[in-house]
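Enquirer: let me see the structure of the following:
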Amino acid sequence: MGGGGTCPFHDRRGERGVRASVRGKIAVEEHVAVGGFTVPPLFRGSEVERRIGEVDGLRLEEMERHGIEVALLSLTSPGVQAVLEVRRAVELARAANDALAEMVARHPGRYLGLAALPLQDPEAAATELERCVRELGFRGAMVNGYTNLGDPDTALYYDDLRFEPFWMQVERLGVPVYLHPREPLPSQRRAYEGYPSLLTAAWGYGVETATHAIRLIVSGLFDRHPQVQLVLGHLGETLPFAIWRLEHAFGRRSPAQPLQRPISRYLRENVFVSTSGHFSTRAMIATILEMGADRVLFAADYPYETMAEAAEWFDHAPINDADRSRIGRSNAERLFGVGPGERGGARRAAAR
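Expert: Numbering: from 1, shown residues only. As a prediction, the model looks like this:
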């Protein structure tokens, strides 16, 4: 296993009801609505909408109750990625980041920020990321899937070479990019017709995001920028469970541009995954076995999921204490630069 080859299974001390709440956890995918953005239509009028803009009371109480010391806050999906006009996207991203910085500043030591970026203009996105890291003290970026440009059925995926200035900036600053899901393009939903509940978190989100992540890998992005670190939520959007077959089948064909490493190496050296919204013990253990505990991060996906369920499950999952500490805190400290002496400015890339 990651961090010393330990077995992920724990003894009976890890059974539910025996272990108290694990304190000091860092939750890396926790959402807010700022700068005029709000929840997707599915959640309008719901408890999610009531909670998503609140950071001063209830959210902190929930964090305290469930042993979460620090939450990395990010703009809810689809956020800036769904803005169709370039200039408007640039303006809204800056406004959202400024508003998020104010939220974080009100509660030092409890919240950190991830930047929203106008990837409609890769150069502007690179500039905004630098501002957010160097001036606002943000610890990376949250990108909500592909970016629309001009109309809702046009997508920009980030393997496109037009994004080279952005990825160069990411590597230069040494901060991670969190690739969060969004729905498939309107023209690509035929397989979901008649089954709208499969379009989002139940299935469509994962398929869309996993495919995007694979595009990034096979494009040679991590050969050109080997220090870039990508984060995927929901225990890797099924990718940890497909590593062998993906690598085996892909290897039968000669890509137009051969990769410098096997696909599994990129997943284990350039990708982190979080537990957000996927609270399955078997799935987490399988992920640890495939990627190593050093590549897994704790997250709740609040308020789309509850901190109570995320923390209760994680605190009592039958894994060993060393891996629980890595996943619950130290991996995030290393990746996002959380801890004493780490104040603002660029963060070093994750050590390997």
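Enquirer: can you list the low-confidence ranges for this protein?
Expert: Along the chain, the parts satisfying pLDDT under 70 run over 1-21, 252-257, 340-352.
Enquirer: so for it, the centremost residue is which one?
Expert: Tyr178 (3.6 Å; C-alpha atoms, centre = their mean).
Enquirer: which residues touch it?
Expert: Val28, Glu29, Ser74, Leu114, Gly140, Ala141, Met142, Val143, Leu230, Val231, Leu232, Gly233 (C-beta atoms under 8 Å, 6 or more residues apart in numbering). C-beta here means a position set from N, CA and C on the backbone, and glycine is covered the same way.
Enquirer: can I get these in JSON lines including distance to Arg282 and secondary structure?
Expert: Output for these, formatted as JSON lines (distance: C-beta to C-beta, whole Å; DSSP: H, G, I helix; E, B strand; the rest coil):
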{"residue": "Val28", "distance to Arg282": "22", "secondary structure": "strand"}
{"residue": "Glu29", "distance to Arg282": "21", "secondary structure": "strand"}
{"residue": "Ser74", "distance to Arg282": "28", "secondary structure": "strand"}
{"residue": "Leu114", "distance to Arg282": "29", "secondary structure": "coil"}
{"residue": "Gly140", "distance to Arg282": "29", "secondary structure": "coil"}
{"residue": "Ala141", "distance to Arg282": "31", "secondary structure": "strand"}
{"residue": "Met142", "distance to Arg282": "28", "secondary structure": "strand"}
{"residue": "Val143", "distance to Arg282": "29", "secondary structure": "strand"}
{"residue": "Leu230", "distance to Arg282": "24", "secondary structure": "strand"}
{"residue": "Val231", "distance to Arg282": "22", "secondary structure": "strand"}
{"residue": "Leu232", "distance to Arg282": "18", "secondary structure": "strand"}
{"residue": "Gly233", "distance to Arg282": "18", "secondary structure": "coil"}
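Enquirer: which of those residues ranks first by neighbour count?
Expert: The residue in the contacts of Tyr178 with the most neighbours, by other C-beta atoms under 10 Å, is Val28 (32 neighbours).
Enquirer: wait, that one touches Glu333, no?
Expert: No: when contacts are counted by C-beta atoms under 8 Å, Val28 is not listed as touching Glu333 (10.8 Å).
Enquirer: please enumerate the shared neighbours of those two.
Expert: Counting by C-beta under 8 Å, 6+ apart, nothing touches both Val28 and Glu333.
Enquirer: returning to that earlier point: dihedrals phi and psi, the residue nearest to the centre of the chain?
Expert: Backbone geometry at Tyr178, expressed as degrees, to the nearest 10, gives phi -100, psi 120.
Enquirer: how close does it get to His316?
Expert: Here the criterion is C-beta to C-beta, to the nearest Å. By it, Tyr178 lies 26 Å from His316.
Enquirer: so where do the strands sit in the stretch 101-250 of the chain?
Expert: Applying DSSP state E, counting those that start in this stretch to the stretch 101-250 of the chain gives strands spanning 111-113, 141-144, 147-149, 151-156, 177-180, 230-232.
Enquirer: now render those as JSON lines, adding distance to Arg131.
Expert: Below are those laid out as JSON lines (distance: least, C-beta to C-beta, whole Å):
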{"stretch": "strand 111-113", "distance to Arg131": "12"}
{"stretch": "strand 141-144", "distance to Arg131": "12"}
{"stretch": "strand 147-149", "distance to Arg131": "19"}
{"stretch": "strand 151-156", "distance to Arg131": "21"}
{"stretch": "strand 177-180", "distance to Arg131": "16"}
{"stretch": "strand 230-232", "distance to Arg131": "21"}
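Enquirer: contacting residues around the biggest helix by length in the chain?
Expert: Counting by DSSP state H, the longest helix found in the chain is helix 86-106. With C-beta under 8 Å, 6+ apart as the test, helix 86-106 has contacts from 32, 34-37, 55-56, 73, 75, 79-80, 83, 111-113, 115-118, 120-121, 124-125, 128, 131-132, 136-138, 149.
Enquirer: any idea which of the contacts of Tyr178 is closest to Tyr195?
Expert: Gly233 (22.5 Å; C-beta to C-beta).
Enquirer: doesn't Val273 make contact with that closest one?
Expert: Yes: taking C-beta under 8 Å as the definition, Gly233 is a contact partner of Val273 at 7.3 Å.
Enquirer: list the buried residues of stretch 148-158.
Expert: Within stretch 148-158, the residues scored as buried using 16 or more other C-beta atoms under 10 Å are Asn148, Leu149, Ala155, Leu156, Tyr158.
Enquirer: mind listing the helices for this protein?
Expert: 47-52, 58-65, 86-106, 122-134, 164-173, 204-218, 221-224, 239-250, 263-269, 281-291, 307-316, 321-325, 331-336.
Enquirer: relative to Pro184, which of those is closest?
Expert: Nearest of the helices of the chain to Pro184, taken as C-beta to C-beta: helix 204-218 at 5.0 Å.
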